[in-house]
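Novice: Here you go, sequence then predicted model.
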Amino acid sequence: MKQVNFLQPNNNNLNTYLFSGTILVALSIFIVFLNSFFKKDLISFLPGTISFFIPLILGFIGLHLIRIDYSGYKFLDAINKNINTNNFNAFLSLLIVFVIIKSLPPLLSWFILDANIAGDSKDVCTGSGACWTYIKIWFNRFMYGMYPNPEQWRINLSFVALAFLGCVGFFATEKFKKYLTLYYVVVYPIIAFFFIFFFISGGPIFFDFSYGIIAAVISIILGFFIPSKFKMYYFIIVPITIYILLKYVFFYEELIELGKLEALEWVETGAWGGLSLTFIVSFFCLIFCFPIGLFLSLGRRSDLPIIKYISIGMIEFWRGVPLITVLFMSSVMFPMFLPEDMFIDKLVRVIIAISLFEAAYVAEVIRGGLQALPRGQYDAAKSLGMGYWKMHILVILPQALKLVIPGIANTFLALVKDTPLIFVVGLLEIVGMLNLAKTNPEWLGFAMEGYVFASVLFFIICYAMSKYSYNLEQKYKTER
Amino acid sequence: MNIKKILPQILTLLVVILVFGFFSYNAQINMENRGITFGYGFLTQESSFDVQFSLIEYDGSHSYFRAYLVGLLNTILVSVIGIIFATIIGVVVGIARLSNNYLINRTASVYVEFFRNIPLLLQIFFWYFAALRALPLPQDTEPMFGVFFLTIKGFFVPAFVWNNLDVFIYSIIAAIISIIFVRIYARKKQENEGIQTPVLSISISLLLILPILSFLFGGVGASVEIPVIKQLSQSGFTYEGGIKLPPELISLALALSLYTATFIAECVRAGVQGVSKGQKEAAASIGLTPNQVLKLVVMPQALRIIIPPTTNQYLNLTKNSSLAAAIAYPDLVLVFAGTALMQTGRAIEIVSITMLTYLSLSISISIFMNWYNKKIAIKEK
């Protein structure tokens, strides 16, 4: 038998080192485990400070003893390579393991073991753990806000329908694949808009928008007779003109009865709230901010000086101010800018404000993609005789947007995380509802449960989004 | 110049002018109806409202401009605290994410994924309404190290009472100036003679010796004022003396730094990963020690990648500090765009001043960053 040197473990007395090292590590973990799960202190006979550090010291020595290169055991080599490369790493690994063991029992008991979920009043919450009854009772409020209970099926139905319509892309046959982009960019948002503003809110606003539909239909029909050279300007000017003519000249408030959805109770937007409002706001802002940002980024790189400087001004302005001041502006300053009889709904103002704000960020992200494309792409497209729009739609944007998928996903994530700020104008989405429920005199003292619940929800939503964007990035990745 | 280039520009300009004209026309009419005249004269009027926490002397008899300054200073205070802690946490976590230790690596990435996927406002609320509310009352508090008192009413820390503070500050300034001279001298010496001077140890000793000299000979003295508990009423206690950090400030700074640190960590990781392996190997092959490789080859290149996005994060942190309004920390938005606006009703003036303040801050920083980026960009031939 060779000399056993405990300072430098080696392959020669492998089993001796392994045996003693494993026992020491297991002992140290066992001590901490007993201490934290069963409140038993094996080493309480030692003075305080020493007994506090004993597990750490034992584990440290144990890890030192099993640190043997090329031992021949796969498991041991994996441990040594990953968590036990040197003394410092071993120390940190032990610390992390102990912290996890130490923090498990309190967390478990708060979340599950001592928590209450049965019953439907505050009295059942006697344990030291969480009171999930609170979440259960307030669940409807957290999801739907002040939306009247008997009407909540409208929100559910709209969301389910929209989710189905959103999944159409997965079932589309080859023949319809080429229309998918058009569907998602134009048709789907319009359907969603109709669902939310007519079905969820109900009431007489239907007619107001029916002018818009008539205007759109007329202008599309007329559009067939317009030479393609002027089509762009035509579609900017004519629909708005027809809308204004229809609303203020031809049928001034006359046929308002026509569009009422009598069967549905009118629910004003102030009553909307909870997680459904988070979804509504983020959904519309996502839809609006992308095209605005796209145009701003193109404008910033344009050769036309006026358009360029207006775009730069827009982008830098929105990027320079915090969102909360933008919302302040939309709630207290914006009404001063409108004629006295004109009133824009709070929710609409908020959606416009957030969309403009995030559009500036989207614009900067897309600009990054545009700048990353080599000049050759522009030159090649031009040499094929393509005009500005054709070049961008067919050559530049598909490549640039592919490059910036992660950046756009980050902006969208930021947008979802910014929606709670709409409390500034008095709209209560889920975080706002939590703050309201917290102050209810019957349910004082359950702030923690509420915030944990909302954190978990937001974490799931945002994490799913970021994973989805990662998949998208991998799917569209092309070698250059 | 053809029509295709001029027409879109004129149309856009027209739309912008029309929108602005429409807005300002309506604003004039609305203000006339309400009997307000546009102007910034109100800034000198007496504000007659109080602010809970202020760095400069302030009460209701001061002007609205003073209230603006109070808010601005509070915003700067919480941003600076947040930036310092976010940088420290971010750098540590970013390096931990690069570690080859599986446990450390995982822990760091769990931290990053967790904190950056939860809205900042929710985090602020969590710390303020849930976590810090669990702290003991002032009379039940166990002191930390005997002098720090962490209570539900705030964090009470001892304060330094200085004699001849100005001499002390002068000594530090003198130390910094002499360090700069030492560095210049050392660089010249290295360029001319190839001899390296131990700059770091000289700088540290200068920074220690000069202030100590000022204590010994400059008549500088400092005593520590420890907070002492004081009874206000039957059940109301507080601490007197020392510095009080209100819970609003603590929770705001905590949430801001934990949230922003995740983004800074990602910047740091990307920066260090961005330095190609060949650089390190090349540096090692010409005989540089590992420390020199890090200092002279890796760090300068990594910093070039790290600094621009990190500055952006600092800017985001400063803008996010406006969420203070949600928990009543008296920052610029709460004091000025909240209370002052409510009192005067001058929405346009006040919101525009608030926005301009943030705007000028971020534009000046972005101009500085553009200059800096140009300066450090690798000059390719």
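Specialist: Arrived safely, thanks for sending. Numbers count the residues shown, from 1 in each chain, chains lettered A, B, ... in the order given.
Novice: give me the element residue 104 is part of.
Specialist: No chain was given, so I picked chain A. helix A:87-108 (DSSP states H and E).
Novice: wrong chain, I was asking about chain B
Specialist: Assigned by DSSP H and E, B:I104 falls within helix B:102-116.
Novice: any idea which helix or strand comes after that helix?
Specialist: Per DSSP H and E, the helix or strand that comes after helix B:102-116 is helix B:120-125.
Novice: pLDDT (mean, whole number) over that following helix?
Specialist: Helix B:120-125 shows a mean pLDDT of 93.
Novice: That helix near chain A at all?
Specialist: Yes: against chain A, helix B:120-125 shows contacts by C-beta under 8 Å from any C-beta of the partner chain at B:120-122, B:125. Where you see a C-beta, it was placed from the backbone N, CA and C, and this is true even at glycine.
Novice: thinking again about what came up before, enumerate the positions of the following helix or strand past the helix holding A:L104 that are buried.
Specialist: Per DSSP H and E, the first helix or strand lying C-terminal to helix A:87-108 is helix A:132-144. Under the neighbour-count criterion of 16 or more other C-beta atoms under 10 Å in any protein chain shown, helix A:132-144 has A:132-135, A:137-138, A:141-144 buried.
Novice: May I see these organised as TSV, with distance to A:L56 added?
Specialist: Converted to TSV, the buried residues of helix A:132-144 look like this (distance: C-beta to C-beta, whole Å):
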residue	distance to A:L56
A:W132	36
A:T133	41
A:Y134	40
A:I135	39
A:I137	45
A:W138	44
A:R141	48
A:F142	43
A:M143	47
A:Y144	51
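Novice: Can you show me the helices along chain B?
Specialist: Using DSSP state H, the helices of chain B run over residues B:3-34, B:64-97, B:102-116, B:120-125, B:165-193, B:199-217, B:247-274, B:277-285, B:290-292, B:299-320, B:332, B:341-344, B:347-376.
Novice: Determine if any part of the longest one is in contact with chain A.
Specialist: Right, the one you point to is helix B:64-97. No: against chain A, helix B:64-97 shows no contacts by C-beta under 8 Å from any C-beta, the least distance being 8.8 Å.
Novice: Report all helices and strands that that helix contacts.
Specialist: helix B:102-116, helix B:247-274, helix B:299-320, helix B:332 (3 or more C-beta pairs under 8 Å, 6 or more residues apart in numbering or on different chains; DSSP states H and E).
Novice: Out of those helices, indicate the one that is most buried.
Specialist: For the helices and strands packed on helix B:64-97, average neighbour numbers computed from mean count of other C-beta atoms under 10 Å in any protein chain shown are highest in helix B:332, which has a mean of 28.
Novice: sorry, back to before: now tabulate the helices and strands packed on helix B:64-97 in TSV and tack on distance to chain A.
Specialist: Output for these, formatted as TSV (distance: least, C-beta to the nearest C-beta, whole Å):
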stretch	distance to chain A
helix B:102-116	4
helix B:247-274	10
helix B:299-320	4
helix B:332	9
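Novice: wait, which of those is closest to B:Q9?
Specialist: helix B:299-320 (31.5 Å; C-beta to C-beta).
Novice: Tell me what angle the closest one forms with helix B:64-97.
Specialist: 140 degrees (axes from the mean of the first three to the mean of the last three C-alpha atoms, to 10 degrees).
Novice: can you list contacts of the next helix-or-strand element following helix B:299-320?
Specialist: Downstream of helix B:299-320, the next assigned helix or strand under DSSP H and E is helix B:332. By C-beta atoms under 8 Å, 6 or more residues apart in numbering or on different chains, the list of residues contacting helix B:332 from outside reads B:68, B:71-72, B:74-75, B:322, B:354, B:357-358.
Novice: what do you get if the cut-off is 7 Å, keeping everything else the same?
Specialist: Applying C-beta atoms under 7 Å, 6 or more residues apart in numbering or on different chains, the set of residues contacting helix B:332 from outside is B:71-72, B:75, B:354, B:357.
Novice: Quick one: find the helix or strand in chain A with the lowest mean pLDDT.
Specialist: Least confident element among the helices and strands of chain A, by mean pLDDT, DSSP states H and E: helix A:205-223 (a mean of 68).
Novice: Could you give the number of residues near A:I214?
Specialist: 15 (other C-beta atoms under 10 Å in any protein chain shown).
Novice: In three-state terms, label the closest residue to it other than its chain neighbours for me.
Specialist: Nearest non-adjacent residue to A:I214, counting by C-beta to C-beta, 6 or more residues apart in numbering or on different chains: A:L246, 6.2 Å away. Here A:L246 is recorded as helix under DSSP: H, G, I helix; E, B strand; the rest coil.
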